[in-house]
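Asks: Below: sequence and its predicted model.
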Amino acid sequence: METPPSVVAISGSLRETSTTCLALEHALDGAEEAGAATELIDLREWDLPLFDPDDRDRGDAAALRQVVGDADAVLLGTPVYHGMVSSTLKNAFDYLGRDEFENTTVGLLATAGGGSYAPTLEHLRTGIRTVHGWALPHEVGIPGAYDAFDDGEFVDPDLEARVRKLGRMAAENVRTGSE
């Protein structure tokens, strides 16, 4: 029996009622529907001190590298703060590199309080290119994210379909190290 692809989602939000976490959970549902084994990394639960390049093994850094490095695909989710990636996700990303992302399929998702998320997704794409990951062409930005959910479910079925598609595409487009 073939091992199912593994899809890991990393939430860059520290908010207790995080729309980023909610959206990633829906994306992981899409990955599961495509046959993947999934895991959500909620960075609120990880000990990742501010990145220090002189000490790359602080806190849970080694465990993070292991989980992400073992994944066939990774979903990165971030709230938009001042048009940029959250410091939480950026800090976690700093602990990672080519060893974890080279030839790895990566899906990108941004949740915005307002309507602007494009620069944030571009920053994520640039980071993934730099570590030789493969960013899916389908990405999701959620404007007005605080109004996008009602009791954990998407209000807009089209938006939910786009988010689930992100997870499904991550599972279906797993890359191999030989490419």
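Replies: Thanks, I have it.

Asks: how near is the residue lying closest to Glu160 once chain neighbours are set aside to Ala23?
Replies: Distances taken as CB to CB, 6 or more residues apart in numbering put Phe154 closest to Glu160, at 3.6 Å, once the chain neighbours are dropped. Where you see a C-beta, it was placed from the backbone N, CA and C, and this is true even at glycine. Phe154 sits 8 Å away from Ala23, taking CB to CB, to the nearest Å as the criterion.

Asks: got it, and Val67?
Replies: When distance is defined by CB to CB, Val67 is 20 Å away from Ala23.

Asks: And these two? Which one has more around it.
Replies: Ala23 (29 against 18; other CB atoms under 10 Å).

Asks: close enough to count as contact, the more buried one and Thr78?
Replies: No - between Ala23 and Thr78 there is no contact under CB atoms under 8 Å: 10.4 Å.

Asks: which neighbours do those two share?
Replies: When contacts are counted by CB atoms under 8 Å, 6 or more residues apart in numbering, Ala23 and Thr78 have 109, 111 as shared neighbours.
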